[in-house]
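**Student:** Provided below are the primary sequence and the corresponding predicted coordinates.
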2 protein chains.
Amino acid sequence: MSNYHPLTFEEAISFARSIPGHFPADAKLDCQEIGDGNLNLVFHITDQNGGKSIIIKQALPYAKVVGESWPLSLDRARIEREALQLQYGLCPGLAPEVYAFDDELAVTVMEDLSDHTIMRKGLIEGAAYPLFAGHIGEFLARTLFFTSDLAMNPQHKKEHVKKFINPDLCKITEDLIFEDPYKLSDNNNYPEYLEDEAQALREDGALHLEVALLREAFLTRTEALLHGDLHTGSIFVTAESTKVIDPEFAYYGPMGFDVGAIIANLLLNYASRPGWTKDADERRETEERLLRMVSDVWTEFETRFRKLWNEEAKDPMAGAPGYQDLYVTKVLRDTAGFAGCKMIRRIVGLSHVADIDTIEDQRLREEAQCKALAIGKQLVKNHRGVNTGDDILRLVKQAVQPFEGAVR
Amino acid sequence: MSNYHPLTFEEAISFARSIPGHFPADAKLDCQEIGDGNLNLVFHITDQNGGKSIIIKQALPYAKVVGESWPLSLDRARIEREALQLQYGLCPGLAPEVYAFDDELAVTVMEDLSDHTIMRKGLIEGAAYPLFAGHIGEFLARTLFFTSDLAMNPQHKKEHVKKFINPDLCKITEDLIFEDPYKLSDNNNYPEYLEDEAQALREDGALHLEVALLREAFLTRTEALLHGDLHTGSIFVTAESTKVIDPEFAYYGPMGFDVGAIIANLLLNYASRPGWTKDADERRETEERLLRMVSDVWTEFETRFRKLWNEEAKDPMAGAPGYQDLYVTKVLRDTAGFAGCKMIRRIVGLSHVADIDTIEDQRLREEAQCKALAIGKQLVKNHRGVNTGDDILRLVKQAVQPFEGAVR
């Protein structure tokens, strides 16, 4: 990595020019840095003449969120780029195309998606996305199925496991999701008024047991190549299109981790609605739509996953009677558990979600935070008993029941 | 690997001489090839003057058992050597010491254990080994615990997972243990009179489901660095000493795979006793001793594993109430299931055990084969319901009950 240095705007433009067959020789290239993440530079390069544009993403050797003190391997740019190419190959409509890359500079050049909106922003604004569940169900089913031993030669899959060993980024997940919220930690971040809730998380032995089991699954189960950070801030949408971006946390892990991430972030938005939708009927309608999306995401995933299994499985034992059902139930239970963990950490952990944090009214923000924690705990504690997608909705409804009478 | 070639006796001797500080300058070295395995050359080098001796093990680039047509990566010599060093570091008395190695030649030089006996041979001859359960319980507990996320930094452990990705040798396990016995395969190898039994294995859907789950666990669960081939032919013993050798199948997998291998091979010997011990009382006594060993191996492992957990766990969630019990139960269930799979494959699969195959009387050999199959199936089909070590013995006794009245 000796030649590595963060690109200047001029260097980014000249890198863009060097990509064969992309910009014409007389292109008038403009460059802006649009990264709002913590780990990367993101250059948006536009041809002022022709309107063509690309994204150049460059990994930084540290996490900005904690200054330069959290060093991160630049190899994650290679991991992200290989994951993107693999996801694009499996789901061409659902991930950005990679045009070029330079592993030494930790740079990936890819499709510009600035005609899309970050899904989290769209959801906060109350947008509906009726095609989303089908799109993400397709993305999840294809990327998880085709990278697993169900569809891959197990020897080839082992080489994939090796290629996607991703210790630095996994450490972020392991610490922030599976450890910090359950102990006193400088990484935690919550307002004074949530201290009782945070203390309850630290003292709940039954909760710790379920978190320990989910953490163990994340640490030890190489089921499929995960996106690894599939929240609604990693998804670009329009009414017709869904594009999953930023797989730098890609890693072989349990399938339910990705499915759970989607569901957690829909439920975080669900918990936030009283902060955004004042009209009671409209709020009820939006909340019901979000719960339907949760249910649809699971169903669309499950239907496609089972179809792929029936039609494309290479695993010699895939036809064993009952195996598919047990496998799908395992993924569902993991989905519920990981969704719960991800909700909890977004309230008391280091990194939050705008859906909740940007609610201006403190009373409504606190209600949203407590509701998200209640759902999260309910899902984690009961994940091993979940048998159907409806069970997830039932757990959510049980968890929010005490909030139903809340004065707004 | 450009410099690789199988060593001649002269080269082996000169390699031995080159190891600093081992043999004196006037050593009169003799060399014999003593490999009875299928994958390696094993040179026994002895100083005719001083009596000092060493073993030089060199990997072959193919499996001898199927001619040169089954190519195997020479990198497995590196994997075996690193596993040996790691096991010796964790259990100095229970594995041979590595004196030197050459990765290019796929050579490892190690402690000579020719004062020990191969345990399988000793068991066939009716030897007792009262210290064995404690020794192997120690080996299992320490090697499995200290290479897991329970004791290792998870980032460091991921680098281990990467280093021990072992596709070629895992393929042998995956094919021969988890696939071939349950279908028509040229790799299977059984006498005509077992055709009905073999057919029953191919047609038993309930059995296939359990095998599918165990195969999935082997393919996807990176719990600990396994020996990977821990049968009684990979163990050297004396009355006082136990040395585990040949970890070339080392790989990150489910802990129960190693514990199950030991138990399977003790039970294969148990099933063979009528072929070896004519006196009824002596036979009964030997059988009871073998069942006690099975039970003791589990207990000695479990006791030590729990003690290590209580005293040495680094996992931040290790103290979650109930976690250790659930973890141990998982290992026990896997142990029962993998033990069953290993017994089945030794009867109908490619590679058999001398305990049973060398019984001269065909009627007694057939009884032993059917008994081993019955125990194997019973363990596999019921492994998910096992809760204590005694449950394993109960399943064994249920399985052998129909044979109790057999005329001998």
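**Tutor:** Sure thing, it's come through.
**Student:** mind listing what's buried in the strand or helix carrying residue A:122?
**Tutor:** According to DSSP states H and E, residue A:122 maps onto helix A:119-124. In terms of neighbour count (16 or more other Cβ atoms under 10 Å in any protein chain shown), helix A:119-124 has its buried residues at A:119, A:120, A:122, A:123, A:124. For glycine as for every other residue, the C-beta is placed from the backbone atoms N, C-alpha and C.
**Student:** Could you list the low-confidence segments of chain A?
**Tutor:** A:1-2, A:36-37, A:64-69, A:406-408 (pLDDT under 70).
**Student:** redo that, cut-off 80
**Tutor:** A:1-2, A:36-38, A:63-71, A:405-408 (pLDDT under 80).
**Student:** Quick one: the helices in it, in order.
**Tutor:** A:9-18, A:75-90, A:119-124, A:132-146, A:154-163, A:167-178, A:195-203, A:205-220, A:256-272, A:280-312, A:323-348, A:354-357, A:362-382, A:389-400 (DSSP state H).
**Student:** centroid residue for chain A?
**Tutor:** residue A:230 (1.2 Å; Cα atoms, centre = their mean).
**Student:** For chain B, see how far away that residue is.
**Tutor:** 20 Å (Cβ to the nearest Cβ, to the nearest Å).
**Student:** wait, what's in contact with that residue?
**Tutor:** Counting by Cβ atoms under 8 Å, 6 or more residues apart in numbering or on different chains, residue A:230 makes contact with A:244, A:258, A:261, A:262.
**Student:** Out of these, which comes closest to chain B?
**Tutor:** Nearest to chain B among these, counting by Cβ to the nearest Cβ, is residue A:258 at 15.3 Å.
**Student:** ok, residue A:261 - contacts?
**Tutor:** Residue A:261 sits in contact with A:227, A:229, A:230, A:231, A:338, A:339, A:342, where contact means Cβ under 8 Å, 6+ apart.
**Student:** now what about the helix holding residue A:122, what contacts it?
**Tutor:** Against helix A:119-124 from outside (Cβ under 8 Å, 6+ apart): A:129, A:132, A:231-233, A:235-237, A:242, A:265-266, A:269, A:272, A:276, A:290, A:353-355, A:358.
**Student:** and residue A:288, how many residues sit next to it?
**Tutor:** 11 (other Cβ atoms under 10 Å in any protein chain shown).
**Student:** start to end distance for stretch A:357-365?
**Tutor:** 7 Å (Cα to Cα, to the nearest Å).
**Student:** Pull out the buried residues from that stretch.
**Tutor:** A:357, A:359, A:364, A:365.
**Student:** hmm, which two among those residues are most spread apart?
**Tutor:** A:357 and A:364 (12.1 Å; Cβ to Cβ).
**Student:** if we can go back for a sec, looking at neighbours, which among the contacts of residue A:230 is most surrounded?
**Tutor:** In the contacts of residue A:230, the most neighbours by other Cβ under 10 Å go to residue A:262, 31 neighbours.
**Student:** ok, it touching residue A:140?
**Tutor:** Yes. Assessed by Cβ atoms under 8 Å, residue A:262 is found in contact with residue A:140 at 7.4 Å.
**Student:** so what sits against both of those two?
**Tutor:** Counting by Cβ under 8 Å, 6+ apart, the residues touching both residue A:262 and residue A:140 are residue A:297.
**Student:** Would you check which pair of the contacts of residue A:230 lies furthest apart?
**Tutor:** A:244 and A:261 (10.8 Å).
**Student:** which parts of the stretch 251-400 of chain A sit against chain B?
**Tutor:** The stretch 251-400 of chain A comes close to chain B at residues A:315, A:316, A:317, A:318, A:319, A:320, A:321, A:322, A:323, A:326, A:327, as judged by Cβ under 8 Å from any Cβ of the partner chain.
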